[in-house]
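**Student:** okay, sequence plus prediction incoming.
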Amino acid sequence: MARRPIPSECRLNAQQVVDCTCPFVHHVHRLVAEHSKDGSPVIILGDPKHPEIIGIVGWCAGPSYTIQAAEQVHSLPAGLRNALVVSQTTFPPSAYDELLPLLQARYADLRHENTICRATSVRQAEAEELAKASDRMIVVGGLQSANTRKLAETCRKWCRETYLVENAGDLVQYRMNPAVERIGITAGASTPAWSLKEVVDFMNDMELNGQNQKPETPDLAQEAKEALENAAETVSQEAEDAAEQVTEAAEQAVQEAKEAVEEAKEAVEPVAEAAETAVNEASEAAEAAVEEAQEAVEDTAEEAVEEAAAQVEEAAKAAPAHAEEQHKEPSFMDAVAASMTRIRTGQTITGKVVQITDDEVSVNIGYKSDGLLKRDDMVDTDVELGDEIEVEVVKVNDGEGNVILSQRNIVNRKVWADLMEKYEKGELVDAVGKEAVKGGLLASIEGVRAFIPASHLAQRYVDKISQFVGQDMKLKIIEVDESKKRVVASRKEALAQESEAIKDAVWSQLEEGAVVRGVVRRFTNFGAFVDLGGVDGLIHVSDLSWNRNVVPSEVLQANQDVDVKILSLDRERDRIALGYKQLQPRPWDNVEEKYPVGTVLTRTIVRVRPFGAFIELEPGVDGLVHISQVAPTRVEKIEDVVHPGQEVNVKVLAVDPVAKRISLSIREAMEDSALHYAAEIPGESGESYGQQGTEDSQAYQAPATSAQPEERPETALELAMRKAREELEAQENRENGEE
C-alpha cells in the first residue's frame, strides 16, 4: 500500500470496486488523511514494517513518524506542531498507555486518538487473566502475525510455558498432561475458528486419553534391587570407615604404650622387661582387634549383600516378607545401618529445625542429609532453632543430593480431606468471594478454589455478580472432581439449609394459644404477614379488627412490632394462623350497660338489606332495624325509605350480648319525638283529646332536657306522622260526637 488509490482510476481497470479494508483500519486512514491534508504531522505507534503501518503512512499527506518503544520518543523532531497520534489497531494497550504520556509531555498541543481495535484489547486482557491462572498457555495463530505474536508475549509475561502454534500438529513437540495441568488456550483476532477448534479438540482428546490410561506398573523387583544395592554399598562404605577408625585408634594406643615403656625404662630399670612384655601384648591385642574389625566389616557387608539379594528375590515374586531375625547380637555396623531413616516421596516426617536463612529452613529428619524447606512452602513462618515441625518429602534427591520438604502440601491435604468429609455429610463451609468470572463467581474455601454458578449465588436472580467479591459467605459443596481438586459450590442451597434450620428451631418453640411478638412485613388484600423470627404467620383480615370491612394497612403499619396470638399451626403446609383482634378489647363487653333498652340514639346506617337496615352503634357493634320498624306505615321496599350513610334516630328495643344482637326501631324513635313535639303545637291542648289524650300525652312525653330542641324544617316522615295524627284526632272527635 503506497498512496490511496483514486476510485476513478480503479474503475478504469475493473468493472466493480469492493473495499475490503477492516472498518477499524479504514477509520485510521480517514483520521490521518483529514488531519494531514494541510501538512500537519502524524505520529504512528506500531511496527514500521507491518503492512498496516505502511498503509497508514500512505494515507498521510504530511510528514509521518512511526515509533514503538519509549526510547524512540526523544528521536522525534522537537518542533512538531499540531501533531496527531494514532496507533496500529493491534498495538498492545499497555504499550500505548506507556508512550502517550511521554509524547504529551514532549508536545503541548498534541492530539491523540486511541485506534486500537476493541476486540484486540479485550482479547489481550482476557488472555492475560487466563495466563495468570494456567500452568501452560497455547496461543493459536499465524507465526508471522504481529497480533498473534504480541498476544503470545502478553501471555508469556504471566506464564513462562507459553507456546505459539499454527495448528494442532505443532503441539506434538511439547510434552503436556491436561489431566493434571491447567492449560489455557487463546487465539489471535484473525485466527480461523476451525484452527482454534482443532487445537481445542486435540487437547480434549489428550486429556481423555490421560485420564483413561492406566498408570504403568512399576518394576518393584528392579526398584527394590537398586535400593538394596545402594543400602549395601552404603553399609560397606560405613563399615570400612569404622575399620579405619579402629585401626587408627589401635595404632595410637601402641604408640602411647611405647612412649610409656621408654619413660618406664628411664625411671625403673627392673620393670623394663615387664613393660616391654606389656607393649608386645598390647601390640598383639591391637593387631587382633584390627583383624577382628576387618572380619566384622567383611561379614557385615557380605550379610548385607546376601540380605539384599534375598529381598530382591522376594520382591520379584510380589510377596514381601521379613528377613529371618538373627539370633546373635547385632554388630556395631548393624546398629548404625538400622539407625538411618529411610524416606520416600510423599512421606510425612517430624523433624527438628537446625538452620534458618532468609529463603529456607534446614530440617534434620534423621536421614543422611538434612531436608530443605523453602519459605514459600512453610505454613508457620515463625519457627526457631530446635523446633520440631511436621513436613512432607517432596523429593528425596533434587539432583544435588538435597531433600526437598514442604509444609503446605500437608495443610492442603488436610484441608481437602476436611472438605470431603463435610461434602459427604452435607455440612456447610466458610468461603470468601474472590473473582467474578463468566457464568459465576470464584471463591476460596480455606485456600481451595471453588466455582459458584450464577444460578446458585442467591435464591433470586443476581444482576451484578461482582457484589459478592470480598464477601464472606456460607457454601454447600454440590460437586467435586478429586483428580483435579476442583469444587463446585452453592450459596443458594446453603441459604435454604440455614433457613430450614432456623424454621425448625422456631417451629419447635411455637404453641397454639401462645402470645408471641413479631414484625409486620407485608400486606395483602386478605391480611397481613408477620415475621416470627424466621417463619411468617398470617393475620387474616377477619382476625385483624373487631370491625368489619377493614383495610389491613389501616390497622397495622409495615415493620411494626406487634403481639399476636397463635390460632393454629400446620407444619406440613408450613402455615401459621395468627390473631390480632383477640388481644384487643371486645366491643360487645358491657354492651347492656352502654346501650340500655329504651335509649334513643342518633347513628348512621351502614348497610341496607331487604329485611332491614344495619346501624353502627360503635366500631364492632351493629344494631338491626327490622323493615317493620323503619317507618310508621307499611313499607314495600326498604330502599324507598332509608339508604346507607343516612343519619337517623333509633330507639333500643332489645339487647342480646350472647347472640351479639341489638334490635333498634326508627318508628318508635319518631313516635316519641312526635308526641314530644305535640305539646308545642299552637292552638292544640290536652282538652281536644279528652282525658285519655291527656294521659297518653303524659305517658309518651319525652324526658325533660336542660336544652330546648333547635327549630328545624319538618321532614317528610314527620309530615306523614302529623297528618296521621290529625286523622286519628278527627276520628276520635267523630266517635265522641256520636256518643
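**Tutor:** Looks like it arrived, so ask away.

**Student:** ok, now which ones touch Glu479?
**Tutor:** 487-488 (CB atoms under 8 Å, 6 or more residues apart in numbering). The C-beta positions use only the backbone N, C-alpha and C, and glycine is treated the same way.

**Student:** quickly find the element holding it.
**Tutor:** For Glu479, the enclosing helix or strand under DSSP states H and E is strand 472-481.

**Student:** now do Ala613
**Tutor:** With DSSP H and E as the criterion, the answer for Ala613 is strand 612-618.

**Student:** Asp205 too?
**Tutor:** Going by DSSP H and E, Asp205 is in helix 193-212.

**Student:** what's in contact with that helix?
**Tutor:** Contacts for helix 193-212 (CB under 8 Å, 6+ apart): 138, 140, 165-168, 171, 176-180, 183, 185, 187, 483.

**Student:** pLDDT on that helix, on average?
**Tutor:** Helix 193-212 shows a mean pLDDT of 73.

**Student:** now stretch 145-157
**Tutor:** Throughout stretch 145-157, pLDDT has a mean value of 82.

**Student:** any idea which helix or strand in this protein has the lowest mean pLDDT?
**Tutor:** The helix or strand of the chain with the poorest confidence is helix 690-699; it has a mean of 36 (mean pLDDT, DSSP states H and E).

**Student:** that older thread, from the contacts of helix 193-212, which land in strands?
**Tutor:** For the contacts of helix 193-212, the ones inside strands are 138, 140, 165, 183, 185, 187, with DSSP state E as the criterion.

**Student:** quick one, helices of the stretch 401-550 of the chain?
**Tutor:** Here the stretch 401-550 of the chain has its helices, by DSSP state H, counting those that start in this stretch, at 408-425, 491-507.

**Student:** farthest pair within the contacts of helix 193-212?
**Tutor:** Spanning the widest gap among those are Glu166 and Ser483, at 31.3 Å by CB to CB.

**Student:** between these two, who's got more neighbours?
**Tutor:** Glu166 (16 against 9; other CB atoms under 10 Å).

**Student:** and that one, what does it touch?
**Tutor:** 140-143, 195.

**Student:** just give me the closest of the residues you listed to Arg344.
**Tutor:** Val140 (41.2 Å).

**Student:** need the contact list for the closest one.
**Tutor:** Contacts of Val140 by CB under 8 Å, 6+ apart are 148, 165-167, 185-188, 191, 195-196, 199.

**Student:** what about the residue lying closest to it once chain neighbours are set aside, how many neighbours?
**Tutor:** Distances taken as CB to CB, 6 or more residues apart in numbering place Ala187 nearest to Val140, at 4.1 Å, with adjacent residues excluded. Neighbours of Ala187 under the rule other CB under 10 Å: 21.

**Student:** domain parsing for this structure?
**Tutor:** 7-116, 119-212, 220-321, 345-406, 415-499, 511-583, 599-739 (automatic domain parsing).

**Student:** relative to Asn590, which of the ones you listed is closest?
**Tutor:** domain 599-739 (8.4 Å).

**Student:** where does pLDDT dip in the stretch 101-250 of the chain?
**Tutor:** Along the stretch 101-250 of the chain, the parts satisfying pLDDT under 70 run over 119, 207-250.

**Student:** which residues in it form helices?
**Tutor:** Per DSSP H, counting those that start in this stretch, the stretch 101-250 of the chain carries helices over the ranges 118-132, 146-158, 193-212, 220-267.

**Student:** how about the stretch 601-739 of the chain?
**Tutor:** 666-678, 690-699, 716-738.

**Student:** ranking those by mean pLDDT, which is last?
**Tutor:** When those are ranked by mean pLDDT, helix 690-699 comes last with a mean of 36.

**Student:** for the strand holding Glu479, buried residues please.
**Tutor:** Buried residues in strand 472-481, counted by 16 or more other CB atoms under 10 Å: 473, 475-478, 480.

**Student:** who does Gln355 bridge with?
**Tutor:** Applying DSSP bridges to Gln355 gives these bridge partners: Ser362.

**Student:** and what of Ile349?
**Tutor:** Val391.

**Student:** surely it touches Arg342?
**Tutor:** No - Ile349 lies out of contact with Arg342 (CB atoms under 8 Å); the separation is 10.7 Å.

**Student:** any weak-confidence spans in this protein?
**Tutor:** Checking the chain against pLDDT under 70 turns up 1-12, 119, 207-341, 673-725, 728-729, 731-732, 735-739.

**Student:** could you dump the domains of the chain to CSV with distance to Ala505?
**Tutor:** Output for these, formatted as CSV (distance: least, CB to CB, whole Å):
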stretch, distance to Ala505
domain 7-116, 55
domain 119-212, 41
domain 220-321, 56
domain 345-406, 37
domain 415-499, 11
domain 511-583, 7
domain 599-739, 37
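
**Student:** quick one: closest of those to Asp589.
**Tutor:** domain 599-739 (8.2 Å).

**Student:** any idea how far Gln497 is from Val535?
**Tutor:** Using CB to CB, to the nearest Å, Val535 is found at 15 Å from Gln497.

**Student:** neighbour-wise, which of these two wins?
**Tutor:** Per other CB under 10 Å, whichever of Val535 and Gln497 has more neighbours is Val535, with 19 against 16.

**Student:** so who does the nearest residue to Arg586 once chain neighbours are set aside touch?
**Tutor:** Nearest residue to Arg586, sequence neighbours excluded (CB to CB, 6+ apart): Trp546, at 6.6 Å. By CB under 8 Å, 6+ apart, the contact list for Trp546 reads 581, 584, 586-587, 619-620.

**Student:** now the buried members of the residues you listed.
**Tutor:** The neighbour count (16+ other CB under 10 Å) marks 581, 587, 620 as buried among the contacts of Trp546.

**Student:** which of those fall within strands?
**Tutor:** Counting by DSSP E, the buried ones among the contacts of Trp546 contribute nothing to strands.

**Student:** include distance to Thr90 when you put those residues into a markdown table, please.
**Tutor:** Rendered in a markdown table, the data for these read as follows (distance: CB to CB, whole Å):
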| residue | distance to Thr90 |
| --- | --- |
| Lys581 | 76 |
| Pro587 | 84 |
| Gly620 | 81 |
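
**Student:** touching, Ile343 and Ile365? I think so.
**Tutor:** Yes - between Ile343 and Ile365 there is a contact under CB under 8 Å: 6.8 Å.

**Student:** residues contacting the residue nearest to Val550 when sequence neighbours are not counted?
**Tutor:** Take Val550 and drop its neighbours on the chain: the residue closest to it by CB to CB, 6+ apart is Leu544, 5.9 Å away. Leu544 makes contacts with 527-528, 550, 552, 555-556, 580-581, as judged by CB under 8 Å, 6+ apart.

**Student:** can you do 10 Å?
**Tutor:** Leu544 makes contact with 527-528, 550-552, 554-556, 578-581, 584, according to CB atoms under 10 Å, 6 or more residues apart in numbering.

**Student:** kindly report the same for Cys155.
**Tutor:** Contacts of Cys155 by CB under 10 Å, 6+ apart are 124, 127-128, 130-132, 134, 136-139, 161-164, 184, 186.
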